[in-house]
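Enquirer: build the 3D model from these lines:
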Amino acid sequence: MSELSGPRTPGTRGPRAKLDNTAVFSSAARWIAEGRRLDMRALAAELGVTRMTLHRYTGGRERLIGGGLWVLAAATWRRRTDEEDARRSPGDRELRSVRVIRAYNTDLFTSPRVRQLFDAEPELSLRVLTDPQGPIQPRSVAVAVELIESDEIAGRLRPVIDREQLAHALVKLAEAFLFSDLASGRPASLDAANEVQAALLEAGRRP
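Expert: Numbering: from 1, shown residues only. Model (predicted):
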């Protein structure tokens, strides 16, 4: 099983440390990847600032967790895209979007450390994952748009609906199937997510 990948950048120490997005959210990502409960006071001490300063900078623990999860997700999107592109052979007609999204879903679904966070704090995790103004959903939609567009440019795909709407639907489908245990108590299903997303994309395949 694959673990969501992420940086292991150590925190900046010292009483006058300056906060920046890379240091703060990379540190949060590292804590999540290590299976540690994200404690604002302890992370602030690691970064060399006060808890109040960290809270003001990030907007609170929930936003900090969301930013950390996105660092992990972004690294996984990049890695899986590179791997799937490297596997493609000349004449391969499978949709690039299907391959990359399927690979990403697998990593997300089978990541024990991320699952540990979801199980420990299901309500918070669901809010973070599905917030339309949060750090994860809009960026995931943007990634899906880029993947769809790449298939269009390659002549493999003509989406059956608007590209942005299709990307949003793909992300919402992932939320519905991969996180259904958090939202409704129904068993989550990787296979269902992959099958329904692929069907939606394949509907626009060009002959």
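Enquirer: just the element for the residue nearest to E83 when sequence neighbours are not counted, please.
Expert: What sits nearest to E83 in space, not counting adjacent residues and going by CB to CB, 6 or more residues apart in numbering, is A103, at 6.9 Å. (Each C-beta comes from the backbone N, C-alpha and C, glycine too.) Using DSSP states H and E, the element containing A103 is helix 96-110.
Enquirer: please apply the same query to V114.
Expert: Going by DSSP H and E, V114 is in helix 112-120.
Enquirer: quick one: that helix to helix 96-110, angle?
Expert: Helix 112-120 runs at 60 degrees relative to helix 96-110, counting by axes from the mean of the first three to the mean of the last three CA atoms, to 10 degrees.
Enquirer: if we can go back for a sec, burial of the residue nearest to E83, as a residue count?
Expert: Applying other CB atoms under 10 Å, we find 20 residues neighbouring A103.
Enquirer: I figured it hits W77, correct?
Expert: No - with contact defined as CB atoms under 8 Å, A103 does not reach W77; the gap is 9.5 Å.
Enquirer: and A188, how close does it get to T130?
Expert: 14 Å (CB to CB, to the nearest Å).
Enquirer: do the same with D191
Expert: For D191 relative to T130 (CB to CB), the value is 21 Å.
Enquirer: comparing those two, which shows the higher neighbour count?
Expert: Between D191 and T130, counting by other CB under 10 Å, T130 is the more crowded of the two (17 against 10).
Enquirer: now name the helix or strand holding the closest residue to the more buried one other than its chain neighbours.
Expert: Excluding the flanking residues, the one nearest T130 by CB to CB, 6+ apart is E175, at 5.5 Å. Using DSSP H and E, E175 sits in helix 163-178.
Enquirer: helix or strand with the lowest mean pLDDT in the chain?
Expert: helix 180-183 (a mean of 90; mean pLDDT, DSSP states H and E).
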